[in-house]
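Participant: return atomic coordinates for the entry below.
(one chain, ligands or ions: 1)
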Amino acid sequence: MPAITAVAPGKVILFGEHAVVYGRPAIAVPVSQVRARAVVTAEPRRPSGALRIQAPDVDLDATLDDLPSDQPLASTVRGVLAALGITRPPACTLRITSTIPVASGLGSGAAVTIALMRALAAFLGQPLPDERISDLAYEVEKLYHGMPSGIDNTVITYAVPVFFIRGQPIQRLRVGAPFTLVIGDTGVSSPTALAVSEVRSQWQANPSAYESLFDAMGSIARSARQAIETGQPQSLGPWMDENHDLLRQLGVSSPELDRLVEAARAASALGAKLSGGGRGGNMIALVEPLAAQAVAAALLSHGAARAIITTVKESGN
Ligand code: PMV
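Facilitator: All right, here's what the predicted structure looks like:
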């Protein structure tokens, strides 16, 4: 039996991170320049039920039975087996690799989960529809994030730009005219769960101020949707700047993120903001296509660990 491979892209949040946890809309797009890959290989000489999981990026090489239930990869595998009603799968090795930096707002956890689910379900001869994949991935996201909004598993499963509201079915975003982003990585890893739980404590201490910030972010996401759908992406720049300012007020920026945001603006970006949970991880800048290289170079010279140029299109990128 040939090995089965599945891949899943990274993602960035264009508008509305954190506010999306509190019911406001957010916009996210896939980033195919980075991706997670899962390969399932049959092991016909081993007894059925023997599943081995290898994830060299995190130094994991173990059998499924040896992994605890809250280990995200093990939980992913068990979730697929339960969904398919399979108790003794044919013996196999599941190998997971990823070029998506971990804990950096690019959706590495969800991408690994989704690639693994798709490869395993296909290997077992029962590919799962996108809706099931996204729902199952959401359950695993809870292990990584605690209280995720569901935006990561949605945008990564469907691999298209989305306008997302927690608890609602996916809304694909029309992209009237493609536009270019430069993504800059601070190199500082920052677990989303921590940023999300700190925002929650602040919100509990001062609900009205935080609700106003979330409202402002939500209305930016709605305006941005219109601009994207009507083919006027250049008007997104000022909204990105404003969204970054609101995220700073929320307390989730960092000196490294602010430095890269400033550097991008000084190098002619039309707007820039942090993306994802914040405190570290990545920022994004909207650029004219011809300025992309110069903005990427400015980010690198201001301390970015790496810069990715990506074009947002309706069909994903
Ligand atoms: O995975 P990240 O870092 O892009 O964070 C997801 C965005 C948050 O709004 C901060 C959390 C969530 O679950 O939506």
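Participant: what's the burial count for the residue in the stretch 1-150 of the chain that the ligand sits nearest to?
Facilitator: Going by CB to the nearest ligand atom, the ligand is nearest to Ser149 of the stretch 1-150 of the chain, at 3.3 Å. (C-beta placed from N, C-alpha, C; glycine too.) Neighbourhood size, Ser149 [other CB atoms under 10 Å]: 26.
Participant: tell me the pLDDT at the spatially closest residue to His302 that is not a sequence neighbour?
Facilitator: Among residues not flanking His302 along the chain, Ala263 sits closest, at 3.9 Å (CB to CB, 6 or more residues apart in numbering). pLDDT recorded at Ala263 is 98.
Participant: what is the burial count for Ala263?
Facilitator: Here the number of neighbours of Ala263 (other CB under 10 Å) works out to 23.
Participant: can you name the residue of the stretch 151-300 of the chain nearest the ligand?
Facilitator: Residue nearest to the ligand within the stretch 151-300 of the chain: Gly276 (2.9 Å; CB to the nearest ligand atom).
Participant: was I right to think that residue contacts Ile100?
Facilitator: No. In this structure, Gly276 is not within contact of Ile100 by CB atoms under 8 Å, at 11.6 Å.
Participant: measure the residue of the stretch 1-150 of the chain closest to the ligand to Val199 for me?
Facilitator: Distance, Ser149 to Val199, using CB to CB, to the nearest Å: 12 Å.
Participant: overlap in contacts of the two?
Facilitator: Contact with both Ser149 and Val199 is made by residues Val21, according to CB atoms under 8 Å, 6 or more residues apart in numbering.
Participant: using the three-state scheme, assign the residue located most distally from the centre of the chain.
Facilitator: Distance from the C-alpha centroid of the chain, by CA atoms, centre = their mean, peaks at Arg45 (37.5 Å). Recorded secondary structure, Arg45: coil (DSSP: H, G, I helix; E, B strand; the rest coil).
Participant: pLDDT at it, what is it?
Facilitator: 94.
Participant: what residues are up against the closest residue to it other than its chain neighbours?
Facilitator: Counting by CB to CB, 6+ apart, Arg45 lies nearest to Ala91, which is 7.8 Å off, once chain neighbours are set aside. The contact partners of Ala91, taken as CB under 8 Å, 6+ apart, are Ala42, Glu43, Pro44, Arg45, Arg46, Pro47, Ser48, Gly49, Ala50, Leu51.
Participant: for the residue lying closest to the third one once chain neighbours are set aside, what are phi and psi?
Facilitator: For Pro44, ignoring the flanking residues on the chain, the nearest one in space by CB to CB, 6+ apart is Ala91 at 7.1 Å. As for Ala91, its main-chain torsions (degrees, to the nearest 10) stand at phi -60, psi 140.
Participant: now Ser268
Facilitator: Dihedral angles (degrees, to the nearest 10) for Ser268: phi 90, psi 10.
Participant: okay, now it: neighbour count?
Facilitator: 14.
Participant: do the same with the one 3 residues further on
Facilitator: For Gly271, the neighbour count with other CB under 10 Å is 22.
Participant: that one contacts Pro233, correct?
Facilitator: No. In this structure, Gly271 is not within contact of Pro233 by CB under 8 Å, at 10.3 Å.
Participant: next, give phi and psi for the nearest residue to Gly276 once chain neighbours are set aside.
Facilitator: In space, and not counting its chain neighbours, Gly276 is closest to Gly105: 2.1 Å by CB to CB, 6+ apart. Dihedral pair for Gly105: phi 80, psi 10, per degrees, to the nearest 10.
Participant: got the residues of the stretch 151-300 of the chain near the ligand?
Facilitator: Listed as neighbours of the ligand in the stretch 151-300 of the chain under the rule CB under 6 Å from any ligand atom: Ile151, Asp152, Thr192, Val196, Gly276, Gly277.
Participant: would you turn the residues you listed into JSON lines with neighbour count and pLDDT?
Facilitator: Formatted as JSON lines, these follow (neighbours: other CB atoms under 10 Å; pLDDT from 0 to 100):
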{"residue": "Ile151", "neighbour count": "26", "pLDDT": "96"}
{"residue": "Asp152", "neighbour count": "31", "pLDDT": "95"}
{"residue": "Thr192", "neighbour count": "25", "pLDDT": "88"}
{"residue": "Val196", "neighbour count": "20", "pLDDT": "93"}
{"residue": "Gly276", "neighbour count": "27", "pLDDT": "95"}
{"residue": "Gly277", "neighbour count": "25", "pLDDT": "94"}
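Participant: brilliant, that's me finished.
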